[in-house]
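# Next come a sequence and a model predicted from it.
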Amino acid sequence: MLKAVPVSAVLGAEIEGLDLREPLSESDYQGLRAALVEHEVLFFRNQAIEPAHQQALAERFGPLQTHPAYQTVPGHPAVTILESTPQKPSLIEKWHTDMTFRTHPPMGTMLRSRIVPERGGDTLFASMTAAFDALSTPLQGLLESLSAEHSFEHGFRESLAEPGGRERLAQALADNPPVVHPVVRTHPESGRKLLFVNELFTTRICELNAQESEYLLSFLFQHIRSPEFCCRFSWQENSIAFWDNRSTQHKPVNDYFPAHRRMERITIDGDRPY
């Protein structure tokens with residue numbers, strides 16, 4: 001029987017009682033979906049799944065998205081490879097919500113560990129519902145009236161600056177012009193309000209001048225990473241994290257160089273934020 005064991009007071013639960021190599025029953029699917037909305041990020045241990053299992057599991061929650069910038073697992077174009085090696089260390093170090101440069105950002109992300117360093121390489125998660133709830137009522141009201149621009153180019157500026165990077169990502173740049181989302185979105189299942197700006201992809205608040213936008217975004221980026229909104233996941237071999245991409249942000253802790261780390265990620269299509 002599926003059991004969700006909370007890992008912190010704010011977000012995160014470890015799921016027990018499931019073998020993810022097996023198809024989900026309808027009751028288990030409904031239980032997982034409800035747990036995802038309630039706890040915002042779910043963790044699984046000792047799940048020796050293959051890409052086909054990961055894809056089948058993700059497809060229960062909706063159509064899949066692909067990513068324009070990463071390599072994929074052969075035969076599974078929706079399963080992207082996130083790998084850090086001594087020769088090519090990871091460049092992503094900022095708090096972010098996945099792929100907000102899309103008109104329809106993912107509703108959820110499943111990340112599966114393949115190769116984990118002996119030490120380090122944890123992932124931090126933060127609840128954007130808790131971050132919004134902690135703000136004063138006047139500031140909440142102001143933020144609900146604002147919108148912000150999100151940019152693929154901004155998020156991948158370090159990759160674009162590499163030799164040949166702009167040529168390699170030319171099609172991705174053409175396919176992903178900047179988009180605008182509300183600064184505060186409504187979760188389509190829980191109905192709760194939450195912050196929807198992130199340091200990796202958000203470039204400006206549209207209704208403010210440049211100085212005001214910079215000051216307000218800087219405050220929000222600091223606010224969302226407050227420890228009381230966060231939990232931390234230590235990866236082991238065959239671990240999985242499944243997060244609600246609508247209501248969380250996450251940050252990899254790149255403290256394991258030069259060790260090798262390889263993860264496999266799949267994202268589930270979402271709706272347009274409102």
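Good, I have the coordinates.

# can you tell me which residues contact residue 8?
Contacts here follow C-beta atoms under 8 Å, 6 or more residues apart in numbering; on that basis residue 8 touches 230, 231. Every residue, glycine included, has its C-beta placed from N, CA and C.

# Please report how far residue 3 lies from residue 13.
When distance is defined by C-beta to C-beta, to the nearest Å, residue 3 is 9 Å away from residue 13.

# hey, what's residue 248 bridged with?
Counting by DSSP bridges, residue 248 is bridged to residue 127.

# Confirm residue 216 sits in a strand?
No: under DSSP: H, G, I helix; E, B strand; the rest coil, residue 216 sits outside any strand and is assigned helix.

# burial count for the residue nearest to it when sequence neighbours are not counted?
Excluding the flanking residues, the one nearest residue 216 by C-beta to C-beta, 6 or more residues apart in numbering is residue 205, at 6.0 Å. When neighbours are defined as other C-beta atoms under 10 Å, residue 205 has 22 of them.

# and the gap between residue 205 and residue 150?
Taking C-beta to C-beta, one finds residue 205 at 11 Å from residue 150.

# likewise residue 231?
On the measure of C-beta to C-beta, residue 231 and residue 150 end up 25 Å apart.

# Do a quick rundown of the helices in the stretch 101-250 of the chain.
In the stretch 101-250 of the chain, the helices defined using DSSP state H, counting those that start in this stretch lie at 128-133, 137-144, 152-155, 157-161, 165-168, 170-175, 210-224.

# for these, which one sits closest to residue 194?
helix 128-133 (4.0 Å; C-beta to C-beta).

# Pull out the buried positions in the closest one.
Going by neighbour count (16 or more other C-beta atoms under 10 Å), the buried part of helix 128-133 is 128, 129, 130, 131, 132.

# ok, and the helix or strand in the chain with the lowest average confidence?
Across the helices and strands of the chain, mean confidence by mean pLDDT, DSSP states H and E is lowest for helix 157-161: a mean of 88.

# mind saving the C-alpha coords of that one as CSV?
Taking only C-alpha atoms (Å, rounded to 0.1, in the frame of the first residue of the first chain), the coordinates of helix 157-161 have been written out as CSV:
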residue,chain,number,x,y,z
ARG,A,157,23.8,32.1,-21.4
GLU,A,158,26.9,30.2,-20.0
SER,A,159,26.3,27.3,-22.5
LEU,A,160,25.8,29.9,-25.3
ALA,A,161,29.1,31.5,-24.4
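
# Please identify the buried residues of that helix?
Buried-residue list, helix 157-161, by 16+ other C-beta under 10 Å: 159, 160.

# And stretch 9-23, by the same measure?
10, 11, 12, 13, 14, 15, 18, 20.

# List just the nearest of these to residue 185.
Nearest to residue 185 among the buried residues of stretch 9-23, with distances taken as C-beta to C-beta, is residue 11, at 16.7 Å.

# and the closest one, which of the three is it?
Assignment for residue 11 (three-state DSSP): coil.

# My guess is it contacts residue 248. True?
Yes: using C-beta atoms under 8 Å, residue 11 is in contact with residue 248, at 6.9 Å.

# between those two, what contacts are shared?
Shared contacts of residue 11 and residue 248, counting by C-beta under 8 Å, 6+ apart, come down to 40, 41, 125, 126, 127.

# Please list only the buried members of these.
40, 41, 125, 126, 127.

# can you list the residues you listed in TSV and add distance to residue 224 and pLDDT?
Shown next, in TSV, are these (distance: C-beta to C-beta, whole Å; pLDDT from 0 to 100):
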residue	distance to residue 224	pLDDT
40	13	98
41	15	98
125	11	98
126	6	98
127	9	98
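
# Let's have the shared contacts of residue 11 and residue 248 in a markdown table, adding distance to residue 162.
Output for the shared contacts of residue 11 and residue 248, formatted as a markdown table (distance: C-beta to C-beta, whole Å):
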| residue | distance to residue 162 |
| --- | --- |
| 40 | 34 |
| 41 | 31 |
| 125 | 28 |
| 126 | 29 |
| 127 | 34 |
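
# quick one: contacts for residue 152?
Per C-beta under 8 Å, 6+ apart, neighbours of residue 152: 68, 101, 172, 173, 176, 177, 178, 201.
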